[in-house]
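Asker: return a 3D structure for these sequence lines:
(2 chains)
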Amino acid sequence: MAGYKIENLSFKYNLSEKFALSDINLEIKDGEILVLCGKSGCGKSTLLRHLKSCITPHGKRTGRIYFDGRLQNDVSDKEQASRIGFVFQHPDDQIVTDKVWHELAFGLENLGENSHTIRVRVGEMASYFGINSLFDMPVHKLSGGQKQLLNLAAVLAMRPDCIVLDEPTSQLDPISAGEFLNTLKKINDDLGITVVLSEHRPEDVFPIADRVAVMENGRIIMCDNPHTVAEKTSEDSALFPALPTASRMYRQLARGGTCPLTVKEGRAFLHSLHLEKDSAKLHVHIEKEKGDTPLMQLSECMFRYNRNDKDVLYNFSLSIRGGEMLALLGANGSGKSTALSLMSGVHVPYSGRIFLNGKKIKRLHAEEHGICALPQDPRVLFTKESVEEELQMTVNGCEDKKSRLAEVIDVMELNGLLHMHPFDISGGEQERVALAKVLLMSPRIMLLDEPTKGMDAAFKRKFGEYLRSEMQKNGTAIVIVSHDIEFCAEFSHRCGLLFNGELIAEDVPQKFFCGNHFYTTSANKIARDYFPNAILCEEVTQRCKSALNKKSHISE
Amino acid sequence: MERRDKFSSLHPLTQMLCFSYVLIMSMFVMHPVMLFISLASACIYALYLSGTKKMLSLLFAMIPVIILTVAVNMLFNHRGESILFYLSGKPVTREAMYFGFTSSLMLIAVLMWFSCYNAVMTSEKQMYLFGKLLPSFSLMLTMTLRLVPDFIRKINEISNAQKGFGAEKGSSKLKNGMSILSTAVTCALEGAVIRADSMKSRGYGCERRTQYTRFVFKSEDKTVSALLLLFGAVCAYSVIKGAVYCEFYPTFSVNGTSALSITGIFAFILFCNIPMTLNFSEDIKWQVIKSRI
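Answerer: Okay, here's the model as predicted:
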């Protein structure tokens, strides 16, 4: 009963000339999962915020929104508060109180429920989510994924009929994000709650969605079930590279049948092609540059935050050469970010040695040694009033850097944002501004912590290619810490797996991912039986094509 | 070794009743026997709550307090009849010494009780009690309790990020600190905007807020509160009647031999040791249960 009907909705922010939403017609059925897709800045958040009156942005609006068969304006704030739940993007900022139990109770306190009712509902919610053990914890001790689950639980404790989520997983690593989406699916299955969410990483949400609406420039250009959307998206649209790997394979091979979305469906699809197994051994051509001293080398470094803590990094060794990109992978809490902080000189290992260009260094200094680190939260780098000032400050008035500034602004697609306040732009845009700052520093060693989060797939590729050219041109060494396996597989020269503070495996991407069963790319998971050493979607499709060609030749 | 304190699991009101009474009595009844009882019970309870090591270090830290209070009293307070000796022409009296000693007892007893209070009354309990008095203040307090440490963590994060970014070149420490602070403030304000939306979206301001508490006034709370009230009333009665009274000037005298004063002091002993009595009876109960198993 808690569906929406949106009729001819158009919206314009007060100071803007462009329509943020134009002529939106959308029906959200009761009990379905509707996913909103589109590039960042296409109006997803604006549309979602219209689904709840009290957080609707101010501006000029025309059109009608019906909730549950009634005009939205006729539904009281109290009813909306309890029946429509809203989860925001930043896990941290939307938490109000200091304890987990209190956060769960907050909404119910606002509705004026008595203590007994609240006790029952909160207890029920904690049991359903399995967060009993966290119940007494202060919220700052939770991980990002746990915080976002808490936000969801806090909203669900008010027993909504519909929940709206604005990019809920954009700040989470893929594992927590997957967990979060599974929980959403479970809630939808178990309770029939309508779910509306926006997402910039459609790969994970397509499989759970009932319908997908694609937005572009404030318009809904397509709204259909995910199979059809994956089938119909044009190959040159920005959404195409973001489609699930299985769908992209299917599209590139153009073979008929339904479009697969998951790894499972993708494997079934490949089976249906009746390919022969590729028994070719893996031949990876590695140019060993012996005698070339590594730009930076860490040897048997140990680190912990306090005398009595556990070691965060244990016997950690790594070396990186100029013009090379090293990707560090690993679960949360395996010490990836800490490893970067040792390399940027923020923290000092209590034992172990660090070499730069073969010379032992006692105390690393980022500025002195030409190192530049991108922090996990890009916002902490911003000190100025506008994006332009922010970038100018980094260039520091050097004339010869003018052309570089223009180039970086162009590559990072910041032209339209220059006059905005860095805190007013979206998360993905902030990430890009911070990256531009790092690029403008022209460091010899770049340390990037999760650079691709919040980026859409099309931009990710462009960014990866720019980094590649940067490495070739200037001999920059890059260390990235990332959960984005696809990105690492495509652009890095070597990958390393961190576990419990130790680098337990390190190799070129082909070997690294082919050896792994779980920690590998979707393309590899899909095509493992046929092409065991292909790790990228393009590789798989190319080999499929040539195999199919061969087959048709033989049959002829 | 950390032990589970039975008294801590009672209702905050009962706990507050006990602590406030003991603190008031210790502060306003200048009677060496009463203060000694108060201090001894506080020490035993602190020992149970925080362990020998912590309690002893706290107690040792108070030795200078005793010496200082007694010395200051003897040097600057010249009232009293029994003169011990003259110091540069000023009399140093025995009464002043007694008074100094008693006041230092009071200071230490109050401090010890506060250390117990801190261990027992968690922020959640205090919030509950103050929230009863001022409901909107309590939510504000909860939010502040989270924001202040968050802000400090943020400043740390920003300073580390800027160090790793390597852009400190040429700017002074002060300027750098200012820019860190300004970023932290912007982050906090930005967070506040989202938090406001989140509060609004969860119905803040739609209705009169209720306050959810996890505390239930159980039958054992009733029993303990009744006992506390009884002992407290008996003791207070004897104090008000002047049966528990100590005179320092002109001569030191303690009246503590009448039936009423003995009853009052005895009631105070019982009152102060209720937390420990609860713990002991709990320990015994467990011993019995264990032997049955």
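
Asker: from A:Pro174, how far out is A:Pro375?
Answerer: Using C-beta to C-beta, to the nearest Å, A:Pro375 is found at 20 Å from A:Pro174. Where you see a C-beta, it was placed from the backbone N, CA and C, and this is true even at glycine.

Asker: these two: who's more crowded?
Answerer: A:Pro375 (26 against 16; other C-beta atoms under 10 Å in any protein chain shown).

Asker: ok, now which ones touch the more buried one?
Answerer: Applying C-beta atoms under 8 Å, 6 or more residues apart in numbering or on different chains, we find A:Pro375 in contact with A:Leu381, A:Ala434, A:Asp449, B:Glu157, B:Asn160, B:Ala161, B:Gly164, B:Phe165.

Asker: which one is the third one nearest to, not counting chain neighbours?
Answerer: Closest residue to A:Asp449 apart from its sequence neighbours, by C-beta to C-beta, 6 or more residues apart in numbering or on different chains: A:Gln376 at 4.6 Å.

Asker: now the second one
Answerer: Counting by C-beta to C-beta, 6+ apart, A:Ala434 lies nearest to A:Pro378, which is 3.4 Å off, once chain neighbours are set aside.

Asker: swap in the fourth one?
Answerer: Leaving aside its chain neighbours, B:Glu157 sits nearest to A:Val380 (5.7 Å; criterion: C-beta to C-beta, 6+ apart).

Asker: correct me, but the one you found touches B:Gly164?
Answerer: No. Counting by C-beta atoms under 8 Å, A:Val380 sits too far from B:Gly164 to count as a contact (10.2 Å).

Asker: more crowded one of these two?
Answerer: Each of A:Val380 and B:Gly164 has its neighbours counted (other C-beta under 10 Å); B:Gly164 has more, 26 against 22.

Asker: if we can go back for a sec, what about the residue nearest to A:Ala434, distance to A:Gly145?
Answerer: When distance is defined by C-beta to C-beta, A:Pro378 is 20 Å away from A:Gly145.

Asker: any regions of the chain where pLDDT drops low?
Answerer: Reading this off chain A. Applying pLDDT under 70 to chain A flags the ranges A:1, A:278-291, A:397-399, A:556.

Asker: hmm, no, I was thinking of chain B.
Answerer: Scanning chain B for pLDDT under 70 picks out the ranges B:1-3, B:167-171, B:256.

Asker: tell me where the longest helix sits in it.
Answerer: Longest helix in chain B, counting residues (DSSP state H): helix B:135-165.

Asker: check which helices and strands that helix sits against.
Answerer: helix A:336-343, strand A:371-374, helix B:123-133, helix B:173-201 (3 or more C-beta pairs under 8 Å, 6 or more residues apart in numbering or on different chains; DSSP states H and E).

Asker: can the first one be found next to chain B?
Answerer: What it means is helix A:336-343. Yes. Residues of helix A:336-343 contacting chain B under C-beta under 8 Å from any C-beta of the partner chain: A:Leu340, A:Ser341.

Asker: what does the second one give?
Answerer: Yes. Strand A:371-374 lies within reach of chain B by C-beta under 8 Å from any C-beta, at A:Ile371, A:Cys372, A:Ala373, A:Leu374.

Asker: many thanks, we can stop here.
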